[in-house]
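Undergrad: A structural model of the following input is requested.
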Amino acid sequence: VSGGEDEIQQLQKALLDYLDENTETDASLVFSRKFYIAQWFRDTTMETEKAIKSQKDEDSSEGTHHAKDVETTGQIMHRAESRKAFLRSIIKTAPSQFSTLKMNSDTVDYEDACLIVRYLASMRPFAQSFDIYLTQ
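TA: Numbering: from 1, shown residues only. Got it, this is the predicted structure:
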């Protein structure tokens, strides 16, 4: 899997597929699945707000508004809306229907799910700034 945003969405979908498949053996996975969806939606909103705020700060410090910045803000908003649309489509899908919408015919096993969770967690701001916290 490669391709930036598509890669992350495919990994998220694979993890949600795994959680959906194993809800019969562990009822807490239903909560985990809902938690991940909500957290990813919140992260998208926070990243968008932060990016737009930094754009506005740059604009006010420069004193002029460039067309390039408007285009970049538009791209940020488009990317955020596509992520949110992806997550909304997952939310609207009933768990029993979700497993039939898989992107790959391969199923994710426990070890793969652990790797996906570690990778997605490493993309979060706290994990990326963990060395700074340790140094301080």
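Undergrad: name the helices or strands packed onto the top helix by length along the chain?
TA: For the chain, the helix reaching the highest residue count under DSSP state H is reported as helix 28-62. Where contact means 3 or more CB pairs under 8 Å, 6 or more residues apart in numbering; DSSP states H and E, helix 28-62 is packed against helix 5-21, helix 67-92. Glycine gets a C-beta too; all of them are placed from N, C-alpha and C.
Undergrad: nearest to residue 115, of these?
TA: Nearest to residue 115 among the helices and strands packed on helix 28-62 is helix 5-21 (9.3 Å), distances taken as CB to CB.
Undergrad: What residues sit buried inside that closest one?
TA: 8-21 (16 or more other CB atoms under 10 Å).
Undergrad: what's the least confident stretch among the helices and strands packed on helix 28-62?
TA: Note on the helices and strands packed on helix 28-62: helix 67-92 shows the lowest mean pLDDT, a mean of 79.
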